[in-house]
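[1] Whatever this is, show me its structure:
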Amino acid sequence: VARALVCAAALLAHAIMAGPPVPARPDGFLRGPSDAQVQIEFFFDLMCPNCRDAWPGVRGMFEHFENATQRQLRAGRPASDHAPTVSIRLHLFPLPYHHNAYLVAQGATALGTADEPQVWKWMEAVFAEQDQFGNPATDRMTAQEVREALVKLASRHHLDSNALAEGLRSTQADGNTRVSWKYACYRGVFGTP
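    Numbering: from 1, shown residues only. Purely as a prediction, here's the structure:
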């Protein structure tokens, strides 16, 4: 019996270790209340054209529910009469065949550490200028040149370019981005959106 318990404990420990490390906070970036009645998770690659194309619909859906809740609160309706609260959690899943997807995700992780609302602005900025950082546009650029171009992108869009530059060099932002990617793999995600 003791031998069986030791074997079972070893198998359990192995299963736990096979998964991604437990992050310090829930993975992803949250928009909306953490205790929302409806919580929607999205796995996005910020360099994926399909994610860029899907984002306006996702953003519009969230804004619809966010505005409906605010209107009900202003009208003084009791909480029981409110439409359900909705939140979205964005998980970064940079795909290996989209050049610079990992750097862009690392940038989001770095900005999210400093000021989470900047993550959503970073998404909008990357989606708006995605073609400048895609496969053909950066084929002849070094990784450092791409990092510098991403910092300029942040500056053009009034984001914290210093936090981005530091995050693109940070082993912590790199590690957090890797954990997020592993989390998606662990959940069975293999593509985006």
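
[2] Check which element follows the longest helix along the chain along the chain.
    Counting residues, the longest helix found in the chain (DSSP state H) is helix 49-74. As assigned by DSSP states H and E, the chain's next helix or strand after helix 49-74 is strand 86-92.

[3] Packing partners of that following strand?
    Using 3 or more Cβ pairs under 8 Å, 6 or more residues apart in numbering; DSSP states H and E, the elements in contact with strand 86-92 are strand 29-31, strand 38-44, helix 49-74, helix 101-114, helix 171-186. The way it works is simple: take the backbone N, C-alpha and C, and place the C-beta from them, glycine included.

[4] okay, these, which one's buried deepest?
    helix 101-114 (a mean of 24; mean count of other Cβ atoms under 10 Å).

[5] CA atoms of the very next helix or strand once past that one as CSV?
    Counting by DSSP H and E, the next helix or strand C-terminal to helix 101-114 is helix 117-128. What follows is helix 117-128, C-alpha atoms only, in CSV (Å, rounded to 0.1, in the frame of the first residue of the first chain):
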residue,chain,number,x,y,z
PRO,A,117,-5.1,49.7,-19.8
GLN,A,118,-2.0,50.3,-22.0
VAL,A,119,-2.3,46.7,-23.2
TRP,A,120,-5.6,47.5,-24.9
LYS,A,121,-4.0,50.6,-26.5
TRP,A,122,-1.0,48.5,-27.5
MET,A,123,-3.3,46.0,-29.3
GLU,A,124,-5.0,48.8,-31.2
ALA,A,125,-1.6,50.3,-32.2
VAL,A,126,-0.2,46.9,-33.3
PHE,A,127,-3.3,46.0,-35.3
ALA,A,128,-3.3,49.5,-36.9
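
[6] can you list the residues that contact helix 117-128?
    With Cβ atoms under 8 Å, 6 or more residues apart in numbering as the test, helix 117-128 has contacts from 29, 31, 44, 46-47, 51-52, 55, 90, 104, 107-108, 111-112, 133, 153-154, 156-160, 163-164.
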